[in-house]
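> pasting the sequence and the predicted coordinates here, then a few questions.
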Amino acid sequence: MLDADQWSQLLASFVEEARDLARQAEEYLLLLDTQPGNEDAINGLFRAMHTLKGSAGLFSLTPLVDFTHRLENLLMAVRDGQRQLDPTLISIMLRCVDEVGSMIELIDPASGQLEVDTTHQQQLLQALAEHCGEPSPVALIPVVAAASGCSSKGQLQRCASCEADGAWHISVRFHPDLLRNGFDPAAFLRYLQRLGDILDLQLIDEALPALTELDPESCYLGLEIGLCSAASKAEIEEVFEFIRDFCTLRILPPDSALADYLELIQALPETDGRIGEILVNAGLLTATELAEGLALQGAQPEQPQPLGSLLVEQGMVVAQAVDAALNKQQTVREKRLQESAQIRVAAHKLDELINLVGELVISAAGAHLRARANGDGACMETTGLVNQHVEQIREAALKLRMIEIGDTFNRFHRVVRDVSEQLGKNIRLEIRGADTELDKAVIDKLGDPLTHLVRNAMDHGIESAAERLAAGKPAEGRLILDAFHESGMVVIEIRDDGRGLNSARIRAKAVERGLIDPAANLSEAEIHRLIFAAGFSTADTVSDLSGRGVGMDVVRSAIDALRGTVEIESRAGLGSTFRIRLPLTLAIIDGFLISLGEDHFVIPLDMVTECLEVDGQQLTGASYGYISLRGRPLPCLSLASHFGLPESTEGRRNIVVVSQGRQQAGLIVDHLHGELQTVIKPLGRLFQHLQGIGGSTILGTGQVALILDVPSLFRHLQQTVDAHPADPTQNLPHPDVKGR
Amino acid sequence: MFQLERDIAAPRLELRGSLTIYEVNDARTLLLEALGSAPVQEWQMGLAQLDELDTAGVQLLLSARHFLHAAGGSLQLVEAGSGVLELLDLLHVAQADARAQC
């Protein structure tokens, strides 16, 4: 028996798997929406529902089993070509898949109980049934056998064309758990009928115990089937693909060698006589052949040579055919191996590993420092090597957490479909850079802000078809989700070809809300940034989707929390782009260590572009100012006065030039210490409001260094400049700038 | 929901409702009770009011038949509705006796 812990672990992995399946189902449905005839998608959808039903059965989640069972039945009809998946049906199915998804979330992780809203489910099933023109969803779907071109169709006897095409012999023995897992052999038989005519069928019930000993939920049955079909072996195997794990399947092609039939007889658990009889009855063997074959085997009892090789020797089977069959088995096996080459690992285990690697980075740096202090050359060399390896481990460990953003992007197909339906707009979603990798923690937190931005673009950005046509644009609006790497950051863009941001309206609204002074002289970009202010909304009517003024400021704070930035590019009438820049990972960064007096700070290395040395005398001591960098003004911020630390009195000062997007700024510091790997430790709750500090780290010496939050420093600098829009030359320190 | 109605005089069992994987456990108990209550005889089983049947149900009926056969009795399936008959036909179970009565 499983103990409670094991059980809840199993349940947790089921929930995880079920979520995946529900998501897959959704993706397939959306694919079918654009390509109605896509068989892969139909099969995938069916498989997803089927697996879900089967696994739910293992956990006795009856409501989920029942519900998916209904969907599966419908899908089976679709797969068998009796139903068309039209857009209305897809819409209903999508709602059903949603219901499945919410059921999965409702599973109580402790007890494994599932409470469901049966009325809602009934409504959905009702809608499905009504759409299909059925009084109620019925499990049994009458099947019209596909034409096999057999003249004695359905007459259960061999005909002339059967001789030509030959009849397949299929032996299936079911696993006891088959029924319990929600599979019904009858469904597979019906499906098999599509491939051809079942000429002969024997239900093997020899293993069936009497009523008193019967476990009615176990399956004791087997089937011997004679099938007249032009289908290939692979096609027949495919019919049983869903129950591959729950049955033993043996398929003999038409006109197989005698040996194969004999081998089959032996391999099957029933008495040789019974199966032999079936084969003889089916006309696959003659009684003489059977008797001779069995005798031949019996004649060599000392060396139990496999029948196959025995018959190859005797020239009854061509060796090549055996090889071909073996090769095929081999490739199938390899394929299955590849499929299972992924391991699911609990996220907390990865976090633990990364944490440990983080500690290792710190202690390795400590060891290196100590070696350097002792001046022991050999020791330094060794610690250097250790450092190198630690760095590799760090990179490998971080890569473990990287997942492709495609999954997150693909979810928006659904959002776009639903929202465009709701808004009556025609919008196409394009996805690019789906293989861009990003830390899982970042991706998880990205869903909400992306949803806001996508909805916003559809609601406010893209015009109605009529407006678009009037503006000379194609009626179909385009929304592009794009992801790519740029200088150590991941950039995610949400682009639309709508009307762009209306600067005049944003400005008017901001004035009305008291966010800006009516006389303020703002640049276009500054006006656009206003939409991120809390409580800002320009929509004249508050719609269901957006316009309640809670969206954009939430987007910004979510992105801020990820140490990212968001940027707007908008051209009136042509569309707008929201550009989110995010760090690749949240855990460890390459940092640049600087110090102010005794205090150490780390600047994310990706943001550092160059370092300059200036004469301290020429700095005014103001907390900000400008210097001239290659003829261009570079705004500078004195970190010491920003953080309220004593100004250094040293003669030479250093300026670290940092950049973010196209912005550049200089940070005035005392000393530069060079690069180091930094494990980010989040700040305690008490310090979270600190402006300009993003986290802390521990140096090899055991000292604590604070990590600068450069984007927030940029914002601070911007505000200071805005607050003193006076002549910049007033503060210009005219320093002696030399590039180093 | 599976229900069983028994007429010992005939002797005949009337099956109602659905007999699927969800009901087979209960149905087995009811069947054992019903078949065990009378001395072994030639039973008829009426399927006219059986709405739903799946392979698990068929398996149970087969097992009941084995049970009676072993004790020297018999079980005949009669009056199957179209849905039920379709499955029995598909599995080639009892087509002779059920069809004859329908």
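It's in.
> mind listing the helices for chain B?
Using DSSP state H, the helices of chain B run over residues B:24-37, B:55-70, B:82-90, B:95-101.
> tell me which of these sits most buried.
Sort the helices of chain B by mean neighbour count, taking mean count of other C-beta atoms under 10 Å in any protein chain shown, and helix B:55-70 sits at the top with a mean of 22. C-beta coordinates here come from the backbone N, C-alpha and C atoms, glycine included.
> any residue of it touching chain A?
Yes: residues of helix B:55-70 contacting chain A under C-beta under 8 Å from any C-beta of the partner chain: B:55-56, B:59-60, B:62-64, B:66-67, B:70.
> tell me how many other residues surround A:Asn38.
Here the count is done by other C-beta atoms under 10 Å in any protein chain shown, and A:Asn38 has 16 residues near it.
> quick one, what contacts it?
A:31-32 (C-beta atoms under 8 Å, 6 or more residues apart in numbering or on different chains).
> distance of it relative to A:Val78?
Using C-beta to C-beta, to the nearest Å, A:Asn38 is found at 11 Å from A:Val78.
> same check, this time on A:Ala207
The spacing between A:Ala207 and A:Val78, counted by C-beta to C-beta, is 35 Å.
> show me what the nearest residue to A:Tyr626 once chain neighbours are set aside is bridged to.
With C-beta to C-beta, 6 or more residues apart in numbering or on different chains as the criterion, A:Tyr626 has its nearest non-adjacent residue at 4.5 Å, and that residue is A:Pro633. For A:Pro633, the beta-bridge partners are A:Ser628 (DSSP bridges).
> could you report the distance from A:Pro633 to A:Gln719?
In this view, A:Pro633 and A:Gln719 are 18 Å apart by C-beta to C-beta.
> more crowded one of those two?
Neighbour totals were compared for A:Pro633 and A:Gln719, and A:Pro633 leads with 14 against 10 (other C-beta under 10 Å).
> so that one is in contact with A:Ala665, correct?
No: using C-beta atoms under 8 Å, A:Pro633 makes no contact with A:Ala665, being 10.7 Å away.
> what about residue 17, how many neighbours?
Using chain A here. 15.
> my question was about chain B
By other C-beta under 10 Å, neighbour count at B:Gly17 equals 15.
> give me the pLDDT for it.
For B:Gly17, the pLDDT comes out at 86.
> what sits against it?
Per C-beta under 8 Å, 6+ apart, neighbours of B:Gly17: B:1-3, B:23, B:49-52.
> mind putting the residues you listed in JSON lines, pLDDT, neighbour count and distance to B:Leu85 included?
Below are those laid out as JSON lines (pLDDT from 0 to 100; neighbours: other C-beta atoms under 10 Å in any protein chain shown; distance: C-beta to C-beta, whole Å):
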{"residue": "B:Met1", "pLDDT": "77", "neighbour count": "9", "distance to B:Leu85": "21"}
{"residue": "B:Phe2", "pLDDT": "82", "neighbour count": "22", "distance to B:Leu85": "18"}
{"residue": "B:Gln3", "pLDDT": "81", "neighbour count": "16", "distance to B:Leu85": "20"}
{"residue": "B:Glu23", "pLDDT": "86", "neighbour count": "22", "distance to B:Leu85": "19"}
{"residue": "B:Gln49", "pLDDT": "85", "neighbour count": "14", "distance to B:Leu85": "14"}
{"residue": "B:Leu50", "pLDDT": "86", "neighbour count": "24", "distance to B:Leu85": "10"}
{"residue": "B:Asp51", "pLDDT": "85", "neighbour count": "17", "distance to B:Leu85": "13"}
{"residue": "B:Glu52", "pLDDT": "85", "neighbour count": "19", "distance to B:Leu85": "13"}
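> for these, which two are the farthest from each other?
B:Glu23 and B:Gln49 (14.0 Å; C-beta to C-beta).
> show me chain A divided up by domain.
The record assigns chain A these domain ranges, following automatic domain parsing: A:4-131, A:160-298+A:307-312, A:347-401, A:403-583, A:588-739.
> wait, which of those is closest to B:Asp89?
Closest to B:Asp89 of the domains of chain A, according to C-beta to C-beta: domain A:160-298+A:307-312, at 9.8 Å.
> adding mean pLDDT, write the helices of chain B out as TSV.
Converted to TSV, the helices of chain B look like this (pLDDT from 0 to 100):
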stretch	mean pLDDT
helix B:24-37	84
helix B:55-70	86
helix B:82-90	81
helix B:95-101	42
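> got CSV for those helices, with distance to A:Ile480 too?
Listed next are the helices of chain B as CSV, based on distance: least, C-beta to C-beta, whole Å:
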stretch, distance to A:Ile480
helix B:24-37, 55
helix B:55-70, 50
helix B:82-90, 51
helix B:95-101, 61
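> point out where the stretch 451-600 of chain A drops to low pLDDT.
Low-confidence segments of the stretch 451-600 of chain A (pLDDT under 70): A:487-488, A:534-551, A:584-588.
> tell me where it has helices.
Under the criterion DSSP state H, counting those that start in this stretch, the stretch 451-600 of chain A contains helices at A:465-470, A:503-512, A:524-529, A:551-561.
> re earlier: just the closest of the contacts of B:Gly17 to A:Ala471, please.
Taking C-beta to C-beta as the measure, A:Ala471 sits nearest to B:Glu52 out of the contacts of B:Gly17, at 58.2 Å.
> if you skip the residues just before and after it, what's nearest to the closest one?
B:Glu52 sits nearest to B:Ser18 (C-beta to C-beta, 6+ apart), 3.5 Å away.
> so that neighbour makes contact with B:Leu50?
Yes: assessed by C-beta under 8 Å, B:Ser18 is found in contact with B:Leu50 at 7.2 Å.
> where is the longest strand in chain B?
strand B:12-19 (DSSP state E).
> which positions in that one come out as buried?
B:13-16, B:18-19 (16 or more other C-beta atoms under 10 Å in any protein chain shown).
> equivalent analysis for stretch A:630-641, please.
Counting neighbours by 16+ other C-beta under 10 Å, stretch A:630-641 gives A:634-641 as buried.
> neighbours of the nearest residue to B:Phe67 once chain neighbours are set aside, how many?
Closest residue to B:Phe67 apart from its sequence neighbours, by C-beta to C-beta, 6+ apart: A:Leu211 at 3.9 Å. Neighbour count for A:Leu211, taken as other C-beta under 10 Å: 22.
> also A:Gly377?
As a burial measure, A:Gly377 scores 10 neighbours (other C-beta under 10 Å).
> and the spatially closest residue to A:Ile680 that is not a sequence neighbour, how far is that from A:Asp376?
Spatially, and ignoring its direct neighbours in sequence, A:Ile680 is nearest to A:Gly695 (4.5 Å; C-beta to C-beta, 6+ apart). Separation of A:Gly695 from A:Asp376 (C-beta to C-beta): 33 Å.
> more neighbours: those two, which one.
A:Gly695 (20 against 13).
> who touches the helix or strand hosting that one?
For A:Gly695, the host element (DSSP states H and E) is strand A:693-698. The contact list for strand A:693-698 (C-beta under 8 Å, 6+ apart) reads A:362, A:563, A:591, A:602, A:678-683, A:687, A:704-709, A:712.
> which ones are touching residue 92?
Picking chain A for this. A:Ile92 neighbours (C-beta under 8 Å, 6+ apart): A:124, A:127-128, A:131.
> wait, chain B was what I had in mind.
Counted by C-beta under 8 Å, 6+ apart, B:His92 has contacts A:201-203.
> restrict those to those near chain B?
Answer for the contacts of B:His92 near chain B (C-beta under 8 Å from any C-beta): A:201-203.
> would you mind naming what in chain A lies close to chain B?
So far as C-beta under 8 Å from any C-beta goes, chain A lies against chain B at A:138-140, A:142, A:179-180, A:182, A:184-186, A:189-190, A:201-203, A:205, A:208-212, A:214, A:216-217, A:219-221.
> recalculate using a threshold of 6 Å.
A:140, A:179, A:184-186, A:189, A:201, A:203, A:205, A:208, A:210-211, A:214, A:216, A:221 (C-beta under 6 Å from any C-beta of the partner chain).
> roughly how far apart are the residue lying closest to A:Leu645 once chain neighbours are set aside and chain B?
Take A:Leu645 and drop its neighbours on the chain: the residue closest to it by C-beta to C-beta, 6+ apart is A:Leu596, 5.3 Å away. Using C-beta to the nearest C-beta, to the nearest Å, A:Leu596 is found at 73 Å from chain B.
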